[in-house]
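Engineer: model the following, please.
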Amino acid sequence: MSSSLIDTYSLSSIETNSLLLSHVRTIVKFYIWPLLVVFGLTGNCVSIIILTRRRLIRTSTNNYLTILAGFDSCYLIFTLLLNFGSHPKFVHYSFTQTFLYILRPLADFSSNTATWLIVCFTLERTLAVAKPIYAKRTCSVRRSRHLICTLLIICFLITLPRFFEKSLAHKNYNNAIISNLTELNNLSKQHKFFPDIHRLYLVFICIVIIWIPLLLVCICNSILIWYVHRSRHFDNDLQAKNVYGPYHNSSGSINKLEHSKNNEHKSQLTLSSSLKNRHTFHLRRHCRSVIQKRRVTIILIFCLFVALLLWTPQSLSLTYETL
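Structural biologist: Modelled structure (predicted):
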């Protein structure tokens, strides 16, 4: 009798957990996710409007960010449609099944492309911070556009097998056509090699789309943090030497000339003061440029850190499901 009570209790707990999981998924998919989509689309639209201005679009990083905002918007829209297409009220329609059959690979294509676009502009920003002269020579707008086109082709070829993972089966019941998405593993049991190929493909996706970009972003983020920390101390020391050292020495030499030669070198004094003012102006402008670049890098580090926090759990989950 005790064993039957234990079995009954375990079954009830399993049912409770499954019911709770179903409620949580419903809340996330149909209430929270639409709000996130609206927020994300608004931010992406504002980013595209700002980045596509004539003066800003001439930089390679802004080209990456513009395309990234576009593919991120596509991914948000596709996942929103997939969530509503999986609702019990719509899942039985033939049009819904056809719609889901097309949208799932497109959502994966958008996600894969956005992932590698993040890696590309992170690598470019790291190169600009670590090797600014080399980055200025190599990271041009033309090369960035060629790289984006190449990346789109590669990601499309990687995602192309997704269109053949499932088959759209049409069945006729009482003069009503019902469409179902069926796994090709079940339809191709006579081909024993197909599940092995599919598993290898999933492992390939796990490595190329998940772990390689994750490791590259982690490495680049660490390099950016180190360079920002080092440049801050270096610029403080350089500014202190340029402001207090040379100006103090030059003023001392000028005072000696005034005491020794009186009014003979007033023109030289005027020239030296103008050179000093010009040097001060260039130094201040350089400091503003360095501070602005550092702020952009710090914002990028923060965004990458947030992306890593959101990226890592999903990577672990997908890796566990694959293996």
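
Engineer: okay, CA-based contacts and neighbour counts for the rest of this
Structural biologist: Noted.

Engineer: element containing I298?
Structural biologist: Using DSSP states H and E, I298 falls within helix 266-322.

Engineer: got it, and F78?
Structural biologist: Element membership for F78 (DSSP H and E) is helix 60-85.

Engineer: just I27 next, same as before
Structural biologist: When elements are assigned from DSSP H and E, I27 belongs to helix 2-27.

Engineer: what's the burial count for S60?
Structural biologist: Here the count is done by other Cα atoms under 10 Å, and S60 has 18 residues near it.

Engineer: not counting sequence-adjacent ones, nearest residue to it?
Structural biologist: Of all residues not flanking S60 in the chain, V141 sits nearest, at 4.5 Å (Cα to Cα, 6 or more residues apart in numbering).

Engineer: ok, back up a step: flag every buried residue along the helix or strand just after the helix holding F78.
Structural biologist: Per DSSP H and E, helix 60-85 leads on to helix 94-130 as the next helix or strand towards the C-terminus. The neighbour-count check on helix 94-130 (16 or more other Cα atoms under 10 Å) flags 94, 96-97, 100-101, 103-130 as buried.

Engineer: need the contact list for the nearest residue to G40 once chain neighbours are set aside.
Structural biologist: Sequence neighbours aside, S73 is the residue nearest to G40 in space, at 7.2 Å (criterion: Cα to Cα, 6+ apart). By Cα atoms under 8 Å, 6 or more residues apart in numbering, S73 lies in contact with 40-41, 44.

Engineer: JSON lines for the residues you listed, including distance to I209 and secondary structure?
Structural biologist: Converted to JSON lines, those look like this (distance: Cα to Cα, whole Å; DSSP: H, G, I helix; E, B strand; the rest coil):
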{"residue": "G40", "distance to I209": "22", "secondary structure": "helix"}
{"residue": "L41", "distance to I209": "23", "secondary structure": "helix"}
{"residue": "N44", "distance to I209": "22", "secondary structure": "helix"}
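
Engineer: for the residue nearest to S60, grab the count of nearby residues.
Structural biologist: There are 17 residues near V141, going by other Cα under 10 Å.

Engineer: next one: H229
Structural biologist: Other residues close to H229 by other Cα under 10 Å number 12.

Engineer: do I154 as well
Structural biologist: Around I154 there are 14 other residues, counting by other Cα under 10 Å.

Engineer: so I48 is in contact with D72, correct?
Structural biologist: No: using Cα atoms under 8 Å as the test, I48 is too far from D72 to be in contact (11.4 Å).

Engineer: what sits closest to L127 if chain neighbours are left out?
Structural biologist: Ranked by Cα to Cα, 6+ apart and with sequence neighbours excluded, the top spatial neighbour of L127 is A135, at 5.9 Å.

Engineer: okay, and that neighbour sits in which element?
Structural biologist: helix 132-138.

Engineer: does that helix pack against any helices or strands, and if so which?
Structural biologist: Judged by 3 or more Cα pairs under 8 Å, 6 or more residues apart in numbering; DSSP states H and E, helix 132-138 is in contact with helix 94-130.

Engineer: grab the nearest non-local neighbour of V91.
Structural biologist: Here the residue nearest V91, using Cα to Cα, 6+ apart, is G85, at 6.1 Å.

Engineer: what about the one you found, how many neighbours?
Structural biologist: Neighbour number of G85 under other Cα under 10 Å is 20.

Engineer: got the contact list for it?
Structural biologist: For G85, the contact set (Cα under 8 Å, 6+ apart) comprises 91, 96, 100.
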